[in-house]
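J.: mind looking at a prediction? Sequence and model below.
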Amino acid sequence: MFARLIHTSSPRSAKPFVAVNCAAIPESLMESELFGYEEGDSLKARKGGKIGKIQLANHGTFFLDEIGDMPLYLQAKLLRVLNDKKVERIGNSSTSLINVDVRIIAATNQNLEEMIERKEFREDLYYRLNVVPLRLPPLRRRPDDIPFLIQHFINKYNKILGKEIRSASASVMELMMEYQWPGNVRELENCIEYMMTFEKTQVLSLEVMPQKILSLKNETTLNASSHIVSKMDETEDKPLKIRLQEKEREILKSMAVRYGGHPTKDTGEGNLQDSGYQCGLLLSKNRGLTATFDKKVSNVRLETTVVSYLRLKGREKYV
């Protein structure tokens with residue numbers, strides 16, 4: 001998709017765009033697919049020979065996907081196309097090469113530099129291709145693109161499948177935003193095609209969601225439930241007095257944050273200072289927590305739970 005966008009935005013947009021996935025072509029057929037062959041070759045070729053994909057993209061753009069899967073011996077022939085702008089068909093003599101003017105875009109999800117160290121990819125070809133490197137982050141790192149891609153694929157497959165689906169439901173969109181998409185855009189496209197094939201309404205729903213993605217919702221719900229049960233178990237193991245004291249501390253801390261106080265451990269150091277204002281609030285000694293507030297808090301109505309333990313009055317401190 002990204003390579004096609006480059007093509008359509010360039011001066012070559014009116015010329016052919018030809019794409020080849022190296023991982024999808026058997027190695028025995030890849031050379032003939034890319035470079036073509038002459039009539040009468042040992043491949044039992046058809047009469048008149050065959051034009052290769054590179055030649056078909058002449059004056060346009062040739063996109064090589066998964067170039068890391070290209071065999072080494074074909075990498076040398078591709079390097080010749082890049083350097084000399086000439087294509088040599090199978091069975092053709094080196095004196096009758098075919099001139100081509102083609103922009104080549106290559107993509108891979110492999111680390112070509114590591115492959116070079118392992119002698120699995122030609123270093124000269126790597127640097128010849130790596131003129132303008134573009135690193136596209138995986139889909140999981142750009143979730144903001146997902147809604148636009150979903151709508152794009154909905155429009156695409158409406159035409160192919162003869163559907164009139166308008167969009168995806170909010171629950172479907174939420175799950176798709178959370179899913180990691182290990183297969184990137186291709187996986188997302190396949191998912192939308194699958195859902196649109198079985199959807200009977202005008203909005204994609206969870207009923208046609210692939211089980212692999214739908215299981216994410218069940219797993220999230222289960223984890224959340226387990227967390228709640230675990231927290232309840234931890235709380236129920238404590239005596240009522242301790243649980244009450246912890247709740248008091250939690251409430252007082254939230255009040256301190258809301259009204260600008262600074263809760264501290266009670267160290268017997270007396271009231272805390274706050275820009276000349278002293279207004280101390282101290283829970284009973286066994287609570288072990290002190291908080292100070294600006295005196296304006298005296299006009300604020302605190303929660304009933306806090307009022308039951310605190311008395312707010314001028315500069316006094318209650319112990």
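T.: Sure, I can see it. Numbering: from 1, shown residues only.

J.: what sits against the closest residue to G36 other than its chain neighbours?
T.: In space, and not counting its chain neighbours, G36 is closest to G52: 3.2 Å by CB to CB, 6 or more residues apart in numbering. For the C-beta atoms, the positions are set from N, CA and C on the backbone; glycine is no exception. Neighbouring residues of G52 by CB atoms under 8 Å, 6 or more residues apart in numbering: S32, E33, L34, F35, G36, Y37, V87, R89.

J.: in PyMOL, select just the buried ones from the residues you listed.
T.: Only the buried entries of these go into this PyMOL selection, using 16 or more other CB atoms under 10 Å:
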select buried, resi 32+33+34+35+36+37+87+89
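
J.: Provide the secondary structure category for E114.
T.: helix (DSSP: H, G, I helix; E, B strand; the rest coil).

J.: so L252, which of the three states?
T.: Applying three-state DSSP: L252 is helix.

J.: for this protein, what spans make up the helices?
T.: 2-8, 27-35, 53-56, 72-84, 112-117, 123-129, 146-161, 170-178, 184-198, 211-236, 240-259, 304-307 (DSSP state H).

J.: out of the ones you listed, deepest packed?
T.: Most buried of the helices of the chain by mean neighbour count (mean count of other CB atoms under 10 Å) is helix 53-56; its value is a mean of 20.

J.: now for it, which elements pack on it?
T.: strand 17-21, helix 27-35 (3 or more CB pairs under 8 Å, 6 or more residues apart in numbering; DSSP states H and E).

J.: now with 10 Å?
T.: strand 17-21, helix 27-35, strand 36-37, strand 61-65, helix 72-84, strand 86-87, strand 98-99 (3 or more CB pairs under 10 Å, 6 or more residues apart in numbering; DSSP states H and E).

J.: what's the closest of these to P11?
T.: strand 61-65 (10.8 Å; CB to CB).

J.: and the contacts of G52 as a markdown table, adding distance to R80 and pLDDT?
T.: Output for these, formatted as a markdown table (distance: CB to CB, whole Å; pLDDT from 0 to 100):
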| residue | distance to R80 | pLDDT |
| --- | --- | --- |
| S32 | 17 | 90 |
| E33 | 17 | 91 |
| L34 | 12 | 93 |
| F35 | 10 | 91 |
| G36 | 14 | 88 |
| Y37 | 17 | 86 |
| V87 | 8 | 89 |
| R89 | 13 | 86 |
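
J.: closest to E187 among the contacts of G52?
T.: E33 (25.3 Å).

J.: just checking, the closest one touches Q55?
T.: No. Counting by CB atoms under 10 Å, E33 stays clear of Q55, with 11.3 Å between them.

J.: so where's the stretch 151-300 of the chain shaky on pLDDT?
T.: 217-237, 255-300 (pLDDT under 70).
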